[in-house]
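Show me how the following folds:
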Amino acid sequence: MPATFTSAHVRIFVVYLCAYFLSYFFRSANAVIADDLMRDLSLTAEQLGRMTSIFFVPFALAQLPAGVAFDRCGARWVTPIVMFTGVLGLALFATANSFTMLTIGRALIGLGTSAILMGAFTSFSRWFPASQLASVFSVLVGLGAFGGIGAATPLALLNRTFGWRAVFAGGSVVFLASALAILIWGQDAPRPEHAARDTTGTFADIFRSLPFWRIGLVNFAMTSALFAFQGLWAGPYLLDAIGLSEVAMGNILTALGLGAITGFFVCGILADKFGIAKTFVGACSLLTILLGLISVFPSDGARILLAGLFFSYGLCGAFSLLALSDVRRVFPANMTGRAATAINLCGFGGSALVQWGVGVFVSTFALNEAGRYPGVAYRSAFAGMGVICLLALVVYLPRLRMVLKLRRQRRIQSVS
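Sure, this is the predicted structure:
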């Protein structure tokens, strides 16, 4: 928070924090309730993956038009209006009696949460000083990521006590209250009268940029690795491949969520110290290694070691947030909003493809005697995710070399 802030700053921060917490919670919830969904509605792994991944399709597609709407109408109006579709989606999900109803509900939840994070970024960019925007935004993301903790052990206990339908029905009411809170208290800061709006530069200019695609591919790989894992497949992996109980699974997922929260908080600090490009490469490299380790982890392995792997996985995956900072260095200031939403499209579009793709792959394996998919199915899928991260690293390395070269040139010029 700024060194000097008003009650308006606090209100803006709190209403968007609550909304992002709920967004993170419902994005991650299917990992815990996956077993119940498959049993209650007779879903296959492919259907579970397709239904869960559909969240990211409208989420990703909404990014570009949302960026334009924010500039024209302001985040105070756009964000809650979009969130109202999420209220409908949560209610539909809670009452679904078929795969089709579940899928439509999940898609509406994805659409309803699509404007929250960028709405917060847009609002904060006008309310908070530019020198403090990055730190305030990282605090929002870090605290909001506690939604992933809520969607672990607490959700497992709520699911056991009340059932997943009651959780989503109650969630629709809470989500509606959050949308109304933004509408009432999330006012946009007035634009300075002298501020001229620079509309030069288009999305076509962004998508023609090679540096954009280098950053975008790493964001694709890291964001999808985190969200496809935390949002769905980590849960079935722990149940089917490792043989944990639901509560024990929730505990391991809690370690994953805590790692992500830690990563959101520290990624900016490390990037400031070592440089964005170096930090980005380091995090993606470690994430690739962790995917390999998880893909060979034995079912009788030490639980404390598994929790450590999951914590580290969440920590490294959260560094995908640096893509927003990296892309800001590629384009002029007047294109920051469009570049940020375009990079978000890469991350969340990738999450949809990978989350669904894992389900398609896992469903090609036959169920075992216990009616579960074999551990090799999940391990092979996670190894494939590691390959995607490795390919993204190879594509990004020329950018790292270019950044280091420019830094050396500046250092030589400053000395001379």
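
contacts and neighbour counts: CA atoms only from here.
Fine.

check contacts around M118.
In this structure, M118 makes contact with G67, T341, judged by Cα atoms under 8 Å, 6 or more residues apart in numbering.

distance of it from M222?
19 Å (Cα to Cα, to the nearest Å).

now swap in P236 and tell me
Per Cα to Cα, P236 is found 20 Å from M222.

Tell me which of these two has more neighbours.
M222 (32 against 26; other Cα atoms under 10 Å).

Contacts only, for the more buried one.
Listed by Cα under 8 Å, 6+ apart, the contact partners of M222 are C284, L287, G317, A318, F319, S320, G347, C389.

And G142, by the same measure?
Listed by Cα under 8 Å, 6+ apart, the contact partners of G142 are A260, I261, T262, G263, F264, F265.

can you tell me which of those residues are in helices?
Using DSSP state H, the members of these that fall in helices are A260, I261, T262, G263, F264, F265.

Dump those residues to a markdown table, plus pLDDT, neighbour count and distance to F168.
Output for those, formatted as a markdown table (pLDDT from 0 to 100; neighbours: other Cα atoms under 10 Å; distance: Cα to Cα, whole Å):
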| residue | pLDDT | neighbour count | distance to F168 |
| --- | --- | --- | --- |
| A260 | 91 | 29 | 24 |
| I261 | 91 | 25 | 24 |
| T262 | 93 | 20 | 27 |
| G263 | 93 | 27 | 28 |
| F264 | 89 | 29 | 27 |
| F265 | 87 | 21 | 29 |
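
and which of these is nearest to A381?
Out of the ones in helices among the contacts of G142, the one with the shortest distance to A381 is A260. That distance is 21.2 Å, counting by Cα to Cα.

ok, N97 to G186 distance?
Taking Cα to Cα, one finds N97 at 36 Å from G186.

swap that for A352, please
Counting by Cα to Cα, the separation of A352 from G186 is 30 Å.

C316 now?
Summarising the geometry, the distance separating C316 from G186, computed by Cα to Cα, is 32 Å.

go on, S178?
When Cα to Cα is the yardstick, S178 and G186 sit 11 Å from each other.

what's the overlap in contacts for the two?
When contacts are counted by Cα under 8 Å, 6+ apart, S178 and G186 have V15 as shared neighbours.

so how far is the first residue of stretch 328-342 from its last?
Stretch 328-342 has an end-to-end distance of 11 Å (Cα to Cα).

which parts of it are buried?
Residues R328, V330, F331, M335, T336, G337, R338, A339, A340, T341, A342 are the ones in stretch 328-342 that count as buried (16 or more other Cα atoms under 10 Å).

And for stretch 287-306?
L287, T288, I289, L290, L291, G292, L293, I294, S295, F297, L306.

ok, the last one - contacts?
With contacts taken as Cα under 8 Å, 6+ apart, L306 has the following neighbours: I252, F297.

Look up which helix or strand it falls in, please.
Under the criterion DSSP states H and E, the helix or strand holding L306 is helix 303-317.

Do you have the helices of the stretch 151-300 of the chain handy? List them.
When secondary structure is read from DSSP state H, counting those that start in this stretch, the stretch 151-300 of the chain shows helices at 153-162, 164-185, 203-207, 210-228, 234-236, 246-274, 276-295.
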